[in-house]
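Undergrad: Predicted model and sequence below, questions to follow.
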Amino acid sequence: MRAALLFAMLTTCATAQAEPAREGNRVFQTNCARCHGAQADGDTPIAKVVKPPPPDLRRTPLSEAQIREIVTHGGEGVGRSPIMPNWGFQLSPEDIDAVVAYVNGLKGSVDGVKSAARSQ
């Protein structure tokens, strides 16, 4: 009985954690991947022609709050690249939260694998 209850609790917790990541990935793939790449590595045809190119978001030193500001207000709105659009008028606050959490979760990963330092 206890094992079944523990399994149910762990499954519910894992599902609850996976849902925001899925939603953040959906928002990212729909709105951001064109410039930042499906893997968020910045390796896209657009990156080869715009200056500055979109960054590799897996290696960003930006805080979650800084990422949120850039997504919401665009690069130019926060004194960065004018190429980065302002998504605050197109995405809901929930979508912005989801994509910010998704991008923040990519930090320290290369090819989708967390580095040993990040995973500890």
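TA: That came in fine, so what should we check first?

Undergrad: wait, what's in contact with P53?
TA: 42, 46-47 (CB atoms under 8 Å, 6 or more residues apart in numbering). C-beta here means a position set from N, CA and C on the backbone, and glycine is covered the same way.

Undergrad: ignore the last one, E69
TA: Taking CB under 8 Å, 6+ apart as the test, what E69 contacts is 77-78.

Undergrad: what do you get if the cut-off is 6 Å, keeping everything else the same?
TA: Contact analysis of E69 by CB atoms under 6 Å, 6 or more residues apart in numbering lists V78.

Undergrad: and if you look at the one 3 residues further on?
TA: Shown here is T72, whose contacts under the criterion CB under 6 Å, 6+ apart are 88, 96.

Undergrad: Kindly recompute the last result at 10 Å.
TA: 78, 86-89, 91, 93, 96, 100 (CB atoms under 10 Å, 6 or more residues apart in numbering).

Undergrad: of all the contacts of P53, which comes closest to V71?
TA: Relative to V71, the closest of these is G42; by CB to CB it sits at 15.6 Å.
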